[in-house]
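Visitor: what's the 3D shape of this:
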Amino acid sequence: MVFSSNPLALSVPDPAFESWLRNKGYLEILDQRTSDLHRLSTSTSAAAAVQSSPSSSSSNAATATTTTTIPYGLFISLFSHLKTLFSLLTLNPFSKLTSDDFSGDTPSWTNAFIGSFNSYSFPTSPAQARLRAHENVKRFARNYASLFILFFACSLYQMPLALVGLIACLALWDVFRYCGDRWQLDQYPVFRQTLVRIAQCTTAVILFFSNVQVTLLCALSVSYAVLVLHASLRKLTPGKQSTPSDRNRSSSKR
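Guide: Numbering: from 1, shown residues only. You can find the predicted model right below:
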């Protein structure tokens, strides 16, 4: 959002104001403000380019100037978008992710996670892309985990041999646990440790020959691509939406 000038208000530098918004948790305002400032600067630059053209020139010269200005602006815009996309390759969206982000409730898939068409916009800078990615990954961590499980299940469906190998590994460890409880292998730690090592080697061989690692790699690649694109294109929203019950509760306290 763009704040209009107020002569009665104190003048606050933009970096200080953005730092205050970040510290107070108003990330959605910071995200919208960054987009508005970029849109305003783009329109101002276009208007300045139009005004800089000589008014006394002929129509052919004006047409040539316009034709030269439009491809130049498109090139600058395309270069800026490519720079932002390449910055996503060096982004680590899990740097601020904690285990507490998986303990809450799963956000709604329709309203919160997907949203509407107006809920998406291309980030105007790599800094805005990083801000969106880190914040959205923390908010939608459970949704992204569910998508990974879904993609992994679809990959196993496309590769039946990997599915059979995974089931065989699970059955192997279930049989080992059953035999350990039945034969009381805890009383023989050396023998039990030897059986564990043998089971681990057998599991590695089964996973390798059944190409489970390929299935896992495909699921991770697709999930990571969807995560980075969605997290960077999804606009930030307030962390907690106020509900009518919350407003009634706050008004009753007053």
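
Visitor: Quick one: low-confidence residue ranges for the stretch 151-254 of the chain.
Guide: Residue ranges of the stretch 151-254 of the chain with pLDDT under 70: 239-254.

Visitor: how about the helices in it?
Guide: Along the stretch 151-254 of the chain, the stretches classed as helices by DSSP state H, counting those that start in this stretch are 160-183, 189-209, 212-233, 244-253.

Visitor: most packed of the ones you listed?
Guide: helix 212-233 (a mean of 17; mean count of other C-beta atoms under 10 Å). C-beta: built from backbone N, CA, C; applies to glycine.

Visitor: Summarise which helices and strands that one is packed against.
Guide: Using 3 or more C-beta pairs under 8 Å, 6 or more residues apart in numbering; DSSP states H and E, the elements in contact with helix 212-233 are helix 126-139, helix 141-158, helix 160-183.

Visitor: which residues are contacting that helix?
Guide: Helix 212-233 is touched from outside by 88, 91, 93, 120-123, 129, 132-133, 136-137, 140, 144, 147-148, 151-152, 154-156, 159, 162, 165-166, 207, with contacts defined as C-beta atoms under 8 Å, 6 or more residues apart in numbering.

Visitor: could you flag which of the residues you listed are buried?
Guide: Buried members of the contacts of helix 212-233, scored by 16 or more other C-beta atoms under 10 Å, are 88, 91, 93, 123, 129, 132-133, 136-137, 140, 144, 147-148, 151-152, 155-156, 159, 162, 165-166, 207.

Visitor: For residue 199, which non-adjacent residue is spatially closest?
Guide: Sequence neighbours aside, residue 176 is the residue nearest to residue 199 in space, at 5.3 Å (criterion: C-beta to C-beta, 6 or more residues apart in numbering).

Visitor: Please read the previous query as pertaining to residue 144.
Guide: residue 227 (5.1 Å).

Visitor: What count of nearby residues applies to residue 141?
Guide: 22 (other C-beta atoms under 10 Å).
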